[in-house]
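Undergrad: Pasting a predicted model and its sequence here:
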Amino acid sequence: MKIDWRALLLAPVFIPTLYCLAFVMSASGGDWLMDFLIIFAIGCVVSYGATLLLLLPVLLVAARIFTLNMPRVCMLGAALGGLTYLPLGWLMYRTSGPDSGPPTATFIDQILAQLADPLTLSFPVAGLVTAALYWVFAGRQAGDDGASSGDGTSMP
């Protein structure tokens, strides 16, 4: 599987753009352009970081193990999106104790309690959408070895 650089540049920017637009439209007052740009920059760091450090390596390994198709890529994206929530969940857990004390529940209990939270659910959805967009922008087909990659460059 070859890396499509155009898809790599375009796919991770979609979710931060949507989140920032939703935030800016729901916020009242303030400098909406500056708010958008600050949150967009932070979102892009997370999105591009997860894509470069998680999604691409997993797709490259998975392509060697089994034939990739859209459903498999989407499942991998959703699973990796869920994994990207764990550091944020751990941070929230460590700072959740009453009166700045230690947390009262276990980390697993807190994660399970947050499963219905829209923020928690947004991470797997964002991973799924980013993986699907990468697959579509790269023009992949089931079993594609990447021979039709955009600029012909590859990464082993």
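TA: Right, received. Where do you want to start? Numbering: from 1, shown residues only.
Undergrad: what about the most centrally placed residue in the chain, is that helix, strand or coil?
TA: A centroid search over the chain (CA atoms, centre = their mean) returns residue 127, at 3.7 Å, as the residue closest to the centre. For residue 127, the assignment made with DSSP: H, G, I helix; E, B strand; the rest coil gives helix.
Undergrad: ok, it - contacts?
TA: 50, 55, 77, 78, 79, 80, 81, 82, 84 (CB atoms under 8 Å, 6 or more residues apart in numbering). To be clear about C-beta, it is placed using only N, CA and C from the backbone, and glycine gets the same treatment.
Undergrad: Which of the residues you listed are buried? Put it as a ChimeraX command.
TA: Restricted to buried positions by 16 or more other CB atoms under 10 Å, the ChimeraX selection for these reads:
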select :50,55,77,78,80,81,82,84
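Undergrad: List just the nearest of the contacts of residue 127 to residue 4.
TA: Residue 4 lies nearest to residue 55 out of the contacts of residue 127, by CB to CB, at 12.6 Å.
Undergrad: shouldn't the closest one be in contact with residue 79?
TA: No - the criterion here is CB atoms under 8 Å, and residue 55 misses it with residue 79 at 10.3 Å.
Undergrad: Test for you: state the pLDDT assigned to the residue nearest to the centre of the chain.
TA: pLDDT, residue 127: 95.
Undergrad: backbone phi and psi for the nearest residue to it once chain neighbours are set aside, please?
TA: Excluding the flanking residues, the one nearest residue 127 by CB to CB, 6 or more residues apart in numbering is residue 81, at 1.9 Å. Dihedral angles of residue 81 (phi, psi; degrees, to the nearest 10) stand at phi -60, psi -40.
Undergrad: check contacts around the residue lying closest to residue 132 once chain neighbours are set aside.
TA: Once flanking residues are discounted, residue 132 sits nearest to residue 74: 5.3 Å by CB to CB, 6+ apart. Residues near residue 74 by CB under 8 Å, 6+ apart: 128, 131, 132, 135.
Undergrad: now the nearest residue to the first one once chain neighbours are set aside: how far from residue 21?
TA: It refers to residue 128. Counting by CB to CB, 6+ apart, residue 78 is the residue found nearest to residue 128 once chain neighbours are left out, at 4.1 Å. Per CB to CB, to the nearest Å, residue 78 is found 22 Å from residue 21.
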